[in-house]
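Peer 1: I need the structure of the sequence given here:
(one chain, ligands or ions: 1)
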Amino acid sequence: MKVVKRFLFLISCIVYMVNKTFAGCAMFEIPLQKTIQHSNYIFTAHLLKRECFERNDKIFTKNYFLVEQKLFGKIVSDTLFLISDGGEINNKATFVYPNLEFNSSNKYLIFAKDMQSKEFKLASGLQGCMTFIENDSVAYFFGIYSFENQLIQQINFLKNTKIKIESSNKFTSLPLASQIVSFSPTEITAGTNSILTINGNNFGNSKSNSRVLFKNANDGGVTFIEPLITDYISWSNTKIMVKVPSNAGSGIFKVETNSATFNSAPLAISWSRTNYIKDNKTFLPVLIDNSATGGYFFSIVGKLKTDTSFYNRTTEALLNWRCNTGINFTLNSSTSLENESTISFAQNGELNEGVLGICYSNFSSCNGNDWYLKNMEIKILDTSIWNSSLNLPGNNQFDYSSVITHELGHGTQLSHVISISDVMNFSISKGQTKRILSQENINGTTTIINKSIEGINCSQKVHRTINAESCDNVFFTYFSIDKSRIFPNPAKDKLIMEIFLDNNYDLEWNIFDASGKLIERFFPEQKQAGLINFTLDLDSKKYLPGIYFLQLKAGNNLIKKKFIVTN
Ligand SMILES: [Zn+2]
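Peer 2: Okay, the predicted model is just below:
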């Protein structure tokens with residue numbers, strides 16, 4: 001029963017949410033030796049309760065633990081707490097994921113580096129908290145450590161102690177049966193309401209406490225996840241129908257009853273969609289037009305913008321998703337805009353150890369049922385071990401192109417899959433590249449886009465895809481200055497304006513004289529992309545001979561053209 005429930009909401013705080021943040025990350029493994037060396041306290045504990053609080057507009061969770069066994073370091077209290085990102089409070093919610101997803105039914109082995117009063121901080125970030133599983137071992141993100149062969153020996157050697165870890169008595173081995181006869185389909189997608197039908201024997205006549213368990217794509221399948229109760233369509237002694245939950249990954253799945261565990265043959269999960277879960281209900285947030293240009297505006301910020309190679313790799317990754325899926329991700333070349341998405345290096349200490357990048361997706365809803373992606377925030381580890389060139393990374397380098405492509409994949413609302421070579425695998429190793437989108441990645445995002453285009457009941461503008469012809473221009477351009485002209489110049493009675501708009505946009509124009517005085521104004525009007533013709537009558541009362549400026553405005557973009565009026 002290698003089961004770790006990773007559903008934060010099972011023990012959620014009070015929920016009255018209007019928006020939610022969802023994050024994924026690219027992780028790398030931290031060796032056990034380093035975790036032990038960096039920890040000043042080692043203990044086992046279980047979760048008592050969680051409390052959410054808000055600080056500087058961000059939501060955090062205080063996780064209270066009851067210490068069971070004090071293994072190393074001077075631990076003065078039996079109740080300790082750890083602050084983790086995200087949570088839900090009043091009318092706001094932040095869901096950071098993968099995260100420390102504690103469950104009150106689990107027992108944890110904790111490696112802490114700091115302890116101040118009753119608050120502790122983990123050694124090795126998320127990887128400093130391990131979950132007890134059967135056979136006297138613990139699971140962490142990248143695998144399993146057995147007590148006897150690895151953990152105890154290494155702790156005792158490195159810390160010069162003689163500890164013994166008490167095993168968890170909650171694991172009773174169930175006989176492994178093999179009565180899953182077949183299942184269909186054999187290849188499926190996760191978090192899309194797709195239904196898996198499992199045929200076999202002795203499943204029991206009703207679900208009761210029995211369950212289906214899928215490999216957890218957030219740790220490469222080291223642990224298993226369970227669908228929501230509402231995901232079960234039907235359950236009989238010979239047939240189970242269940243929706244495959246978001247974050248389920250390829251590999252075997254299990255049917256676990258009171259008397260036996262049934263393992264399946266491997267199930268292929270080609271892609272997984274990010275879901276938002278509230279009160280045991282699953283919602284599928286859609287993409288909208290949040291930029292008034294069809295989708296989402298991104299700003300590359302700070303050092304990521306000023307460093308040419310990081311900047312170029314970032315724009316290439318945006319192009320990769322745009323041109324392969326049509327997703328409307330556009331770089332904003334002008335001043336920062338409200339609700340735009342950002343890509344930047346993380347501040348020191350902002351990311352957990354072992355995390356290369358993270359993507360927060362902020363969701364909103366107008367009615368609690370229709371959820372949409374408001375914007376994204378991508379943070380990248382500021383480290384010297386990046387390969388930011390187009391060359392292959394060295395054996396000691398992480399490939400920036402691969403990681404930014406992964407984070408943008410979360411932005412398109414894909415979640416993790418289990419496939420080491422796939423861009424959307426939860427982890428990446430040094431020297432590895434994953435820059436190319438697979439057909440599964442493309443299918444996933446285009447399916448999400450197509451669903452989004454159906455629209456939602458919130459009065460949000462519908463997402464519009466990028467044309468294949470203009471996909472390789474990552475900047476949103478309002479005007480083609482080369483293709484726009486005013487003539488004749490100098491002009492006498494009339495001035496003809498030919499303005500070439502690269503995109504549909506509200507166009508506005510103003511005419512000023514040489515002193516900057518506004519002479520004439522044309523209020524914003526929605527114009528289709530393409531050539532717009534306009535003839536301006538040079539009324540002799542308004543337009544005395546002299547120099548004038550035509551100012552064209554679309555969004556934050558301005559162009560100015562000079563013309564002369566003669567007698
Ligand atoms: Zn990720």
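Peer 1: Give me the distance between stretch 33-47 and the centre of its chain.
Peer 2: 28 Å (Cα atoms, centre = their mean, to the nearest Å).
Peer 1: tell me how far the ends of it are from each other?
Peer 2: By Cα to Cα, to the nearest Å, the extent of stretch 33-47 from end to end equals 26 Å.
Peer 1: If you count neighbours, what's buried in that stretch?
Peer 2: Under the neighbour-count criterion of 16 or more other Cβ atoms under 10 Å, stretch 33-47 has 34-36, 38-39, 41-47 buried. Using the backbone N, CA and C atoms, a C-beta is placed for each residue, glycine as well.
Peer 1: top helix in this protein by residue count?
Peer 2: Using DSSP state H to define each element, the chain has its longest helix at helix 308-325.
Peer 1: what packs against it?
Peer 2: When contacts are defined as 3 or more Cβ pairs under 8 Å, 6 or more residues apart in numbering; DSSP states H and E, helix 308-325 packs onto strand 296-300, helix 303-306, strand 329-331, helix 400-411, helix 439-453.
Peer 1: closest one to residue 238 among these?
Peer 2: Across those, residue 238 has its closest neighbour in helix 439-453 (31.5 Å, Cβ to Cβ).
Peer 1: which residues touch residue 427?
Peer 2: Neighbouring residues of residue 427 by Cβ atoms under 8 Å, 6 or more residues apart in numbering: 26-29, 141-142, 220.
Peer 1: how close does it sit to residue 407?
Peer 2: Residue 427 sits 13 Å away from residue 407, going by Cβ to Cβ, to the nearest Å.
Peer 1: okay, and for the stretch 51-200 of the chain, where does confidence drop off?
Peer 2: For the stretch 51-200 of the chain, the stretches flagged by pLDDT under 70 are 87-101, 169-178.
Peer 1: any common contacting residues for residue 427 and residue 407?
Peer 2: With Cβ under 8 Å, 6+ apart, residue 427 and residue 407 have common neighbours residue 26.
Peer 1: Name the SS class of the residue of the stretch 101-250 of the chain found nearest the ion, please.
Peer 2: Using Cβ to the ion, residue 218 is the residue of the stretch 101-250 of the chain that sits closest to the ion, at 8.1 Å. Following DSSP: H, G, I helix; E, B strand; the rest coil, the label given to residue 218 is helix.
Peer 1: That one reaches residue 416, doesn't it?
Peer 2: Yes. Between residue 218 and residue 416 there is a contact at 5.6 Å, judged by Cβ atoms under 8 Å.
Peer 1: of those two, who's got more company?
Peer 2: Each of residue 218 and residue 416 has its neighbours counted (other Cβ atoms under 10 Å); residue 416 has more, 31 against 26.
Peer 1: quick one, what contacts that one?
Peer 2: The contact partners of residue 416, taken as Cβ under 8 Å, 6+ apart, are 24, 217-218, 247, 249, 272, 424-426.
Peer 1: CSV please, covering those residues and showing pLDDT.
Peer 2: As requested, the contacts of residue 416 are exported to CSV (pLDDT from 0 to 100):
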residue, pLDDT
24, 50
217, 93
218, 89
247, 91
249, 97
272, 97
424, 95
425, 94
426, 90
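Peer 1: Nearest to residue 73, out of the residues you listed: which one, please.
Peer 2: residue 218 (29.2 Å).
Peer 1: what's the closest non-adjacent residue to residue 248?
Peer 2: Of all residues not flanking residue 248 in the chain, residue 214 sits nearest, at 3.6 Å (Cβ to Cβ, 6 or more residues apart in numbering).
Peer 1: Confirm the one you found sits in a strand?
Peer 2: Yes. Assessed with three-state DSSP, residue 214 lies in a strand.
Peer 1: ok, it touching residue 242?
Peer 2: No. Here residue 214 does not reach residue 242: they are 9.2 Å apart, not a contact under Cβ under 8 Å.
Peer 1: ok, those two, which is more surrounded?
Peer 2: Taking neighbours as other Cβ under 10 Å, residue 214 and residue 242 compare with residue 214 leading, 27 against 22.
Peer 1: what's across from that one in the sheet?
Peer 2: Residue 214 forms beta bridges with residue 225, as assigned by DSSP bridges.
Peer 1: can I see the domain layout of this structure?
Peer 2: Segmentation of the chain into domains, based on automatic domain parsing, reads 8-159, 176-283, 307-453, 485-565.
Peer 1: can you put these in a markdown table and add distance to residue 462?
Peer 2: Compiled in a markdown table, these are given as follows (distance: least, Cβ to Cβ, whole Å):
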| stretch | distance to residue 462 |
| --- | --- |
| domain 8-159 | 20 |
| domain 176-283 | 18 |
| domain 307-453 | 6 |
| domain 485-565 | 13 |
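Peer 1: does residue 363 sit in a helix, a strand or a coil?
Peer 2: Of the three states, residue 363 takes strand under three-state DSSP.
Peer 1: count of neighbours near it?
Peer 2: 23.
Peer 1: and it, how far is that from residue 159?
Peer 2: Here the distance between residue 363 and residue 159 works out to 44 Å (Cβ to Cβ).
Peer 1: Tally up the residues packed near residue 517, please.
Peer 2: Residues within reach of residue 517, counting by other Cβ under 10 Å, total 8.
Peer 1: same deal with residue 106?
Peer 2: 20.
Peer 1: Confirm for me that it is in contact with residue 131.
Peer 2: Yes. If you go by Cβ under 8 Å, residue 106 and residue 131 touch, sitting 5.3 Å apart.
Peer 1: Quick check, pLDDT for residue 496.
Peer 2: Residue 496 carries a pLDDT value of 86.
Peer 1: what sits against it?
Peer 2: 486-488, 533-536.
Peer 1: Break down the stretch 351-500 of the chain into its strands, ranges please.
Peer 2: With DSSP state E, counting those that start in this stretch, the ranges of strands along the stretch 351-500 of the chain come out as 355-365, 371-380, 386-387, 398-399, 414-415, 485-487, 494-501.
Peer 1: scratch that, the stretch 51-200 of the chain
Peer 2: Using DSSP E, counting those that start in this stretch, strands in the stretch 51-200 of the chain cover 58-72, 79-85, 87-89, 92-94, 107-116, 119-122, 129-133, 137-140, 143-146, 176-177, 180-184, 187-190, 195-200.
Peer 1: will you turn these into TSV that also has mean neighbour count and distance to the ion?
Peer 2: Converted to TSV, those look like this (neighbours: other Cβ atoms under 10 Å; distance: least, Cβ to the ion, whole Å):
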stretch	mean neighbour count	distance to the ion
strand 58-72	18	20
strand 79-85	19	15
strand 87-89	23	20
strand 92-94	23	17
strand 107-116	20	23
strand 119-122	19	19
strand 129-133	23	18
strand 137-140	23	17
strand 143-146	15	18
strand 176-177	13	32
strand 180-184	15	27
strand 187-190	20	14
strand 195-200	18	24
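Peer 1: export those strands to TSV and tack on distance to residue 224?
Peer 2: Below are the strands of the stretch 51-200 of the chain laid out as TSV (distance: least, Cβ to Cβ, whole Å):
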stretch	distance to residue 224
strand 58-72	22
strand 79-85	22
strand 87-89	24
strand 92-94	26
strand 107-116	16
strand 119-122	23
strand 129-133	10
strand 137-140	10
strand 143-146	13
strand 176-177	14
strand 180-184	15
strand 187-190	13
strand 195-200	15
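Peer 1: hmm, back to that, what residues of the longest helix of the chain count as buried?
Peer 2: Within helix 308-325, the residues that count as buried by 16+ other Cβ under 10 Å are 310-311, 313-315, 317-325.
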